[in-house]
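# sequence? don't have it. structure:
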């Protein structure tokens, strides 16, 4: 079986991604209730009791709501870096000691042919990090919840077969929208979220010969739209010479509907 995945949910109300190989299956975050997480997994034909573990990116509620519930119900290992563990423990409840694992930033954990690499991002959390999955020559890179994409991040995620990439907001929609100024300032800052345009420019520096699909993720429900994100990213990538809609496909994600389980 190939390296396959589904973006179960993506957006400001909750985030979770399912990744599997023939021998292992992981959730990256579980930002909805335990019951919702079970339903989303069943929608793609997967049973939560068969999970190998949960990888946590950071302690914000839209990424950890279901972590404690699932971990206790199914005796799942939970992986996070030390600072994230300290920040999220009061929020997710008690996890048995034998299921608590430290996954340091900028390191690799290997699970029988599946290598999972962690890397830091710039976000207003204790020590936020995301993950790159390597299996059988395939590379899946997940990067959301970052205020900017540094050269270091670009180097780590470069030439992935598939990206799950944050396109959080349209800058004009955010500026003209109803959010208080302090919230707008936080989103626009270096520890907030990248806009459609910022994401597209970063993608242009990362895309390689292997790249086939980019999933546009973590869209703000108030300050973005799927069509707008797709159009903004497509225009910039086409200007940079990329064959969008041909060699490279832009794919939507949704807060409530999983993407089909797809090989990377």
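Okay, I see it. Computed from a predicted structure; not experimentally measured.

# contacts, neighbours, all on C-alpha from now
OK.

# Residue 37 sits in which helix or strand?
helix 34-43 (DSSP states H and E).

# So which bits of that helix are buried?
34, 37-41, 43 (16 or more other Cα atoms under 10 Å).

# Repeat that for stretch 147-157.
147-149, 153-154, 156-157.

# Quick one: distance of that stretch to the chain centre.
On the basis of Cα atoms, centre = their mean, to the nearest Å, stretch 147-157 sits 14 Å off its chain's mean C-alpha point.

# What ranges does the stretch 51-200 of the chain have for its strands?
Secondary structure of the stretch 51-200 of the chain (DSSP state E, counting those that start in this stretch): strands located at 53-55, 78-80, 100-102, 108-111, 114-120, 129-135, 138-143, 162-166.

# Can you lay out the ones you listed as a markdown table showing mean pLDDT, mean neighbour count and distance to residue 199?
As requested, the strands of the stretch 51-200 of the chain are exported to a markdown table (pLDDT from 0 to 100; neighbours: other Cα atoms under 10 Å; distance: least, Cα to Cα, whole Å):
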| stretch | mean pLDDT | mean neighbour count | distance to residue 199 |
| --- | --- | --- | --- |
| strand 53-55 | 99 | 24 | 23 |
| strand 78-80 | 98 | 24 | 25 |
| strand 100-102 | 98 | 15 | 30 |
| strand 108-111 | 98 | 13 | 25 |
| strand 114-120 | 98 | 20 | 17 |
| strand 129-135 | 98 | 22 | 16 |
| strand 138-143 | 98 | 22 | 10 |
| strand 162-166 | 98 | 25 | 7 |
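
# biggest helix in the chain by residues?
Longest among the helix segments of the chain by residue count, using DSSP state H, is helix 226-239.

# who does that one touch, helix- and strand-wise?
Using 3 or more Cα pairs under 8 Å, 6 or more residues apart in numbering; DSSP states H and E, the elements in contact with helix 226-239 are helix 196-206, strand 249-252.

# Flag every buried residue along stretch 197-207.
197-200, 202-204, 206-207.

# In the stretch 51-200 of the chain, mark out all the helices, start to finish.
Applying DSSP state H, counting those that start in this stretch to the stretch 51-200 of the chain gives helices spanning 61-64, 67-74, 82-92, 151-157, 171-176, 181-188, 196-206.

# Show residues contacting the following helix or strand past the last one.
The element immediately downstream of helix 196-206 (helix or strand, assigned by DSSP H and E) is strand 213-217. Residues outside strand 213-217 that contact it (Cα atoms under 8 Å, 6 or more residues apart in numbering): 10-11, 144, 161-168, 229-230, 248-254.
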